[in-house]
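Visitor: one predicted model, sequence on top.
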Amino acid sequence: LLMLVQGLSTRLSKPQRPTNGSSSKDVIQAKKDKIGSMSIVEQFNRSTKDGINFVKNMKKEGKTEAEIANFLRSTPRLDPSTIGEIIGGRDEMLQEVCKAYCRSFEFGVMPIHTALRVFLQTFRLPGEAPVIGRIVEHWAKIYFELSRTYDDKTFQDADVIYVFAYSIIMLNVDQHSTKVKTRMTLEDYCKNVYGIPGARSISKEYVAEIYEDIKREEITLTEDTPAGIPNLKSCRDLIKRGEKMHSYTFPTGATCEKEIFAQIWGPVIATVAVIFEHTDDDSVMRRALQGYEMCALLASVFSVSEVLDNLVISLCKFSTLLSPAGENPVVAFGRDEKAKQATLEMFSITRLYGDFLREGWRNVLNCLLSLHMMDLLSMPSLTVDFEGSNSVQPPTKGRVPAQAKTPSLLTPFSLLGTAAWFGGGGASDHFDSEPSEEDRQAEAEAKQTISQTGIYEIVQQSGRLRHESLVYLVKALILGSVRPVKKHPGYYERGALFCLDLLCHVTIVNHARLNLFWVLVRDHLNSLIAQPLPALPLLEKAILCVLFLSINLIDKEEVRE
């Protein structure tokens, strides 16, 4: 399965080459035509009445009976029962369609039972005798014309063929219906056949051949085959379609690969997730993580945000950070190799492909909050870089003294200072007993894992995110720093302060694109300050953020207003 995904990635890296005269655009156009055809089929299959009206509308649009018959025969997945009702209809136009439908077959010198089998396997024969009679009558006339073309004088006229064909249908029911207790013998069938006026010219060997053929192989109507089980008819159809196909082409280029990836990414991610969840083998675990990486790469190449969101959500679940386990979640995390690997992979994908994250930002932020609560965010203080591409130039025109440095969000200006990232009050404060050596080792491994994630880069590099991804990140931070109106058991106030710090920092880093999200930030800060019963720490933090943003972004028209 992963080789299939790897193959997509490999082909994308190769230059395009001409293939049998077919380009990627040709293949994609054929795919679009097929999708359009499927919508027509859906309309046709709604009901028998809809199918009949569809055919009548084709006639009104100028289609000939032959073109309508070709549509009924060549369009895959049309309801066979509806086709039977159409060609068995009493309407004069439908009867002309039935004749054209019968003429569309190349019976050649087929024996009557073979020709009848080929004919009946293309639709569902209606149950009413008059309808069956009309269909078989038209078929008999066409078959008689063809038999005369090939100088076959087995039958005297079309009426003999009509009655004889009807007897074959009855023989098919007699030999294969579970409701029939006593089946017809060859002698019985010969008596029936030779009771037909004009049937004396049919040899007994011919009748015996028909009897044995029907007894050996039922004329299986299309709808009688259980779904998903191939039968002789489907195999024959496949062979015939193969004979009419042009030479096979290998289309290249991202366009076709994108179509393939769109079809397979859901099952691939689901399969990889199941394997990752249930395996304890390190090599299988690494292979599954490679599957996540390859899907993330292809999703970024094709700009499919839904794939990245699903990957991040899946990995967040396996990281256990969304639902920390046990009384000491840090120790539990440090001992869970699968959770640590999933965490590293999740943050790696976020760093590399954050451009395409949308709803997945909320899951990433929830993991950050969980790490913050467990005191595992041991990263350097984030500062604003005046020299970088995302820097904020010091305000000019006397608004702020030139020597005034832009304060870091995590300097004493910040309400929590560095505690906003790795301050006290975390998971380790809940334990009075001395941890064991194994617990210390697990905690050390947990901290080492988080130190390898490069989490701080996610915020520092937010200035490089695409516009839509940036807006989703801002919305996630706003949601994380909202204080519920009523007390909620899951509310984590220090986490809300943490999100507000991050929101302020992302705003500074993205000062050049402030027009994308400033209204969201401004309204959020206003709502925090204007709450009738504000939480004092959150209120103070909101006021500090307003002051901080005002000092650093006063040259921005949006902020001045």
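Guide: Sure thing, it's come through. Note that the structure is a prediction, hence the values are computed from the model and not measured. Numbers count the residues shown, from 1 in each chain.

Visitor: confidence score at Lys32?
Guide: pLDDT recorded at Lys32 is 74.

Visitor: now name the helix or strand holding it.
Guide: Using DSSP states H and E, Lys32 falls within helix 24-44.

Visitor: could you say what helices and strands that helix packs with?
Guide: The helices and strands touching helix 24-44, judged by 3 or more C-beta pairs under 8 Å, 6 or more residues apart in numbering; DSSP states H and E, are helix 48-60, helix 254-278. No exception for glycine: its C-beta is placed from N, CA and C like everyone else's.

Visitor: send the alpha carbons of that helix over as CSV?
Guide: Extracted in CSV, the C-alpha atoms of helix 24-44 (Å, rounded to 0.1, in the frame of the first residue of the first chain):
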residue,chain,number,x,y,z
SER,A,24,-2.7,14.0,-19.0
LYS,A,25,-5.3,16.5,-20.1
ASP,A,26,-6.8,13.9,-22.4
VAL,A,27,-7.1,11.4,-19.5
ILE,A,28,-8.6,14.0,-17.2
GLN,A,29,-11.1,15.1,-19.8
ALA,A,30,-12.1,11.4,-20.2
LYS,A,31,-12.5,11.2,-16.5
LYS,A,32,-14.8,14.3,-16.5
ASP,A,33,-16.8,12.8,-19.3
LYS,A,34,-17.2,9.7,-17.3
ILE,A,35,-18.4,11.7,-14.2
GLY,A,36,-20.9,13.5,-16.5
SER,A,37,-22.1,10.1,-17.8
MET,A,38,-22.6,8.9,-14.2
SER,A,39,-24.8,11.9,-13.4
ILE,A,40,-27.0,11.0,-16.5
VAL,A,41,-27.2,7.4,-15.3
GLU,A,42,-28.3,8.6,-11.9
GLN,A,43,-31.1,10.6,-13.5
PHE,A,44,-32.1,7.7,-15.7
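
Visitor: how far away from the center of its chain is that helix?
Guide: Taking C-alpha atoms, centre = their mean, to the nearest Å, one finds helix 24-44 lying 18 Å from the centre of the chain it belongs to.

Visitor: with stretch 309-325 instead?
Guide: Distance, centroid of stretch 309-325 to centroid of chain: 21 Å (C-alpha atoms, centre = their mean).

Visitor: now it: average pLDDT?
Guide: The pLDDT scores in stretch 309-325 average 90.

Visitor: check stretch 91-102 too.
Guide: 92.

Visitor: excluding residues flanking it in the chain, which one is nearest Asp79?
Guide: Asn45 (4.4 Å; C-beta to C-beta, 6 or more residues apart in numbering).

Visitor: what about that neighbour, distance to Ser81?
Guide: As judged by C-beta to C-beta, to the nearest Å, Asn45 and Ser81 stand 9 Å apart.

Visitor: more neighbours: which of the two?
Guide: More crowded of Asn45 and Ser81, by other C-beta atoms under 10 Å: Ser81, with 19 against 16.

Visitor: didn't the more buried one look like it was pressed against Thr48?
Guide: Yes - counting by C-beta atoms under 8 Å, Thr48 is a contact partner of Ser81 at 7.0 Å.

Visitor: in a helix, that's where Val110 is, yeah?
Guide: Slight slip there: residue 110 is Met, not Val. No - counting by DSSP: H, G, I helix; E, B strand; the rest coil, Met110 falls outside a helix, being coil.

Visitor: now the residue in the chain sticking out farthest from the centre: how far from Asp375?
Guide: Relative to the mean C-alpha coordinate of the chain, counting by C-alpha atoms, centre = their mean, the farthest residue is Arg200 (62.8 Å). Between Arg200 and Asp375 the computed distance is 102 Å (C-beta to C-beta).

Visitor: same check on Phe107?
Guide: Relative to Asp375, and taking C-beta to C-beta, Phe107 is found at 83 Å.

Visitor: same question, Leu8
Guide: Distance from Leu8 to Asp375, by C-beta to C-beta: 42 Å.

Visitor: ok, Thr320 next?
Guide: From Thr320 to Asp375 the distance is 16 Å (C-beta to C-beta).

Visitor: Ser305 too?
Guide: Taken as C-beta to C-beta, the span from Ser305 to Asp375 is 32 Å.

Visitor: now Asp33
Guide: From Asp33 to Asp375 the distance is 59 Å (C-beta to C-beta).

Visitor: equivalent analysis for Gln156, please.
Guide: With C-beta to C-beta as the criterion, Gln156 and Asp375 are 99 Å apart.

Visitor: same question, Phe318
Guide: For Phe318, the distance to Asp375 - C-beta to C-beta - is 22 Å.

Visitor: do Arg77 as well
Guide: For Arg77 relative to Asp375 (C-beta to C-beta), the value is 60 Å.

Visitor: now stretch 520-536, how far from the chain's geometric center?
Guide: Counting by C-alpha atoms, centre = their mean, stretch 520-536 comes out at 40 Å from the chain centroid.

Visitor: list the buried residues for that stretch?
Guide: Leu520, Val521, Arg522, His524, Leu525, Leu528, Ala535 (16 or more other C-beta atoms under 10 Å).
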